[in-house]
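[1] generate a structure from the sequence data that follows.
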Amino acid sequence: MLGFFVVLQFIGLAIASSSDLSDKCYDILLPSILPSTANRTVPWGKPTIHYPNGTTCCSSLNEVRTQLNTIDAQLLQLLSTRAQYVREATRFKSTLPDVNDPSRNKQVIQEAVDAAPSVHLPQIIAEEVYEGIINSSVTFEECIFNAYDPKSAAGTSQKSLKSFKLD
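    Purely as a prediction, here's the structure:
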């Protein structure tokens, strides 16, 4: 769970804090804010990402998108590693109902929500992302469980399932 948070710390970002209404957008219950009808000169506002060397991000939308693409690639790698462990967890479950453990799922999601403020991640993002991760992991794990054929050679899974290797 904390892998995502570690990535943010690893890339050395410090998020500037402020005391404006946008700070409320980091809580699990989003504030009721009227939609803006402003036509703003771009870029508007002050940079909120400060690098360890004292510079800030970003001078263009392309620079933002480049950074997001880098982070997205890191997230995919972390999700791949997580899926490998989800697959391993399946081996320790003896029945299909054991695959989906709602109390464990709720615990993982809540831990992410609770940890989000410590890395200045909006709790709503932590909650919704982890709900998606957990729900898709259950679906994946059910597939692994159902695809296992105990009659196949040496108790291995069917040929259609890939074996993952940790990097």
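[2] check contacts around Phe145.
    Shown in contact with Phe145 (C-beta atoms under 8 Å, 6 or more residues apart in numbering): 90, 93, 96, 99. The C-beta positions use only the backbone N, C-alpha and C, and glycine is treated the same way.
[3] among those residues, which lie within helices?
    Using DSSP state H, the members of the contacts of Phe145 that fall in helices are 90, 96, 99.
[4] select only the buried ones of those in PyMOL?
    Selection of buried members from those for PyMOL, criterion 16 or more other C-beta atoms under 10 Å:
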select buried, resi 90+99
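[5] now Gln67: closest residue in space, sequence neighbours ignored.
    Excluding the flanking residues, the one nearest Gln67 by C-beta to C-beta, 6 or more residues apart in numbering is Cys57, at 6.6 Å.
[6] could you give the bridge partners of that neighbour?
    Note on Cys57: beta-bridge partners by DSSP bridges are Ile49.
[7] isn't it right next to Leu68, touching?
    No - taking contacts as C-beta atoms under 8 Å, Cys57 lies outside contact range of Leu68: 10.8 Å.
[8] the more surrounded of these two?
    Of the pair Cys57 and Leu68, Cys57 is the one with more neighbours under other C-beta atoms under 10 Å, namely 15 against 10.
[9] check contacts around that one.
    Applying C-beta under 8 Å, 6+ apart to Cys57 gives the contacts 47, 49-51, 63-64, 67.
[10] tell me where the chain is predicted with low confidence.
    Across the chain, the ranges flagged by pLDDT under 70 are 1-21, 151-167.
[11] run the last query once more with 80
    1-24, 28, 31, 42, 149-167 (pLDDT under 80).
[12] please enumerate the helices of it.
    Under DSSP H, the chain gives helices at 3-10, 61-90, 96-99, 102-115, 123-147.
[13] which other helices and strands contact the fourth one?
    So that's helix 102-115. Applying 3 or more C-beta pairs under 8 Å, 6 or more residues apart in numbering; DSSP states H and E, one finds that helix 102-115 makes contact with helix 123-147.
[14] buried set for the helix it packs on?
    Buried residues in helix 123-147, counted by 16+ other C-beta under 10 Å: 123-124, 126-127, 129-131, 133-134, 137-138, 141, 144-145.
[15] need those in CSV (columns: distance to Glu111).
    Shown next, in CSV, are those (distance: C-beta to C-beta, whole Å):
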residue, distance to Glu111
Gln123, 12
Ile124, 16
Ala126, 9
Glu127, 11
Val129, 13
Tyr130, 9
Glu131, 13
Ile133, 12
Ile134, 11
Ser137, 15
Val138, 17
Glu141, 19
Ile144, 24
Phe145, 24
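[16] okay then, goodbye and thanks.
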